[in-house]
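Undergrad: Let me see the structure of the following:
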Amino acid sequence: MSLTSTVKLRNDVEMPWLGLGVYKMEDGQEVVDSVKSALELGYRHIDTASFYKNEEGVGQAIKESDVGREDIFVTTKVWNDEQGYEETLEAFDRSLNKLGLEYLDLYLIHWPVPGKFTDTWKALEKLYKDGKVKAIGVSNFLPHHLQDVMKDAEETPMVNQIELHPELHQQQTREFCKANDIQLVAWSPLARGKYLDAPVLKELAEKYDKTPAQVILRWDYQSGIVTIPKSVKKERQQENADIFDFELTDEEIKRIDELDLGEEGRNGPHPDEFDY
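TA: Here you go, the predicted structure:
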């Protein structure tokens, strides 16, 4: 297994298990350099969003890279004030134009905006049907949001990207997604580093000669979760990628699972309490 290892989505599109998230990277040189260094290291999955305001830099880095477009899995997302059927189609065109790409690998609804996300989903279905995007999905959706989408959908979301890390398991959402063949992607997989000193993580890091962050990313991988840690530093990108040469035991996975705090472990907003 390596950085190019993939999981097959429901429609047989292959998505790399590990990617680079670019949230809060400045557009321009910072994001360009970060994406280029990740691609040089072997990353083949880049996750951005309209809201991040750095799609142009991501596109520039892809263009300047030696890696062929067909080998890079690119995700972006439609933001809350762009949602609705026609609005989403227009937002997609804006994102594609900023990225300078002819198609997207994955397009996501960033948050479930009440009264809008079902129409937004219909727009994503059209984009998928028209061949402008290889896969479509959602982000920050709980089971009840997914049920609302699936009620009248032609396509079930292929991906759900949620805040997920050892202190926030989102077990109900995980079980719903597994039952409906929706691939989970973890954003903020390292929870901004706030609990990397947890004794179990330090102990396992020492055992395997890894860092606590690498132990968490390995836990994601062995739990069947795609993960997109952010880093602007090449050495940290390399470190995040160096998780394929060791394996946690089932017992060790369970011990990390015990770090779960339920909703108290959430760092970002709850989807039902987000100020839309």
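Undergrad: use CA for all of it now, contacts and neighbours both
TA: Noted.
Undergrad: Please enumerate the strands of the stretch 101-250 of the chain.
TA: Ranges of strands in the stretch 101-250 of the chain, per DSSP state E, counting those that start in this stretch, are 104-109, 133-139, 159-163, 183-187, 226-227.
Undergrad: Now tabulate those strands in CSV and tack on mean neighbour count.
TA: Converted to CSV, the strands of the stretch 101-250 of the chain look like this (neighbours: other Cα atoms under 10 Å):
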stretch, mean neighbour count
strand 104-109, 25
strand 133-139, 24
strand 159-163, 24
strand 183-187, 22
strand 226-227, 26
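Undergrad: Which one, of those strands, ends up nearest to residue 148?
TA: strand 133-139 (12.4 Å; Cα to Cα).
Undergrad: Which elements pack onto that closest one?
TA: Packing partners of strand 133-139 (3 or more Cα pairs under 8 Å, 6 or more residues apart in numbering; DSSP states H and E): strand 104-109, helix 117-129, strand 159-163.
Undergrad: The ones you listed into TSV, with extra columns for mean pLDDT?
TA: Shown next, in TSV, are these (pLDDT from 0 to 100):
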stretch	mean pLDDT
strand 104-109	98
helix 117-129	98
strand 159-163	98
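Undergrad: Which among the ones you listed is found nearest to residue 211?
TA: For the helices and strands packed on strand 133-139, proximity to residue 211 was assessed by Cα to Cα; strand 159-163 is nearest, at 21.1 Å.
Undergrad: coming back round to it: could you redo the strands of the stretch 101-250 of the chain as a markdown table and give each row distance to residue 80?
TA: Conversion of the strands of the stretch 101-250 of the chain to a markdown table gives the following (distance: least, Cα to Cα, whole Å):
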| stretch | distance to residue 80 |
| --- | --- |
| strand 104-109 | 8 |
| strand 133-139 | 11 |
| strand 159-163 | 15 |
| strand 183-187 | 18 |
| strand 226-227 | 23 |
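Undergrad: Let me know which of these is the nearest to residue 42.
TA: Nearest of the strands of the stretch 101-250 of the chain to residue 42, taken as Cα to Cα: strand 226-227 at 15.2 Å.
Undergrad: Residue 82 and residue 111: what is the separation?
TA: Going from residue 82 to residue 111 by Cα to Cα, to the nearest Å gives 11 Å.
Undergrad: what about these two, which has more around it?
TA: residue 111 (23 against 19; other Cα atoms under 10 Å).
Undergrad: Provide a list of residues in contact with the more buried one.
TA: 79, 80, 138, 139, 140, 141, 271 (Cα atoms under 8 Å, 6 or more residues apart in numbering).
Undergrad: Now the phi/psi pair for it, please.
TA: When read as degrees, to the nearest 10, the backbone of residue 111 gives phi -140, psi 150.
Undergrad: The contacts of residue 111 in helices, which ones?
TA: For the contacts of residue 111, not one is inside helices, with DSSP state H as the criterion.
Undergrad: okay if I get these as CSV plus pLDDT and distance to residue 70?
TA: Shown next, in CSV, are the contacts of residue 111 (pLDDT from 0 to 100; distance: Cα to Cα, whole Å):
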residue, pLDDT, distance to residue 70
79, 98, 26
80, 98, 29
138, 98, 23
139, 98, 24
140, 98, 28
141, 98, 29
271, 97, 34
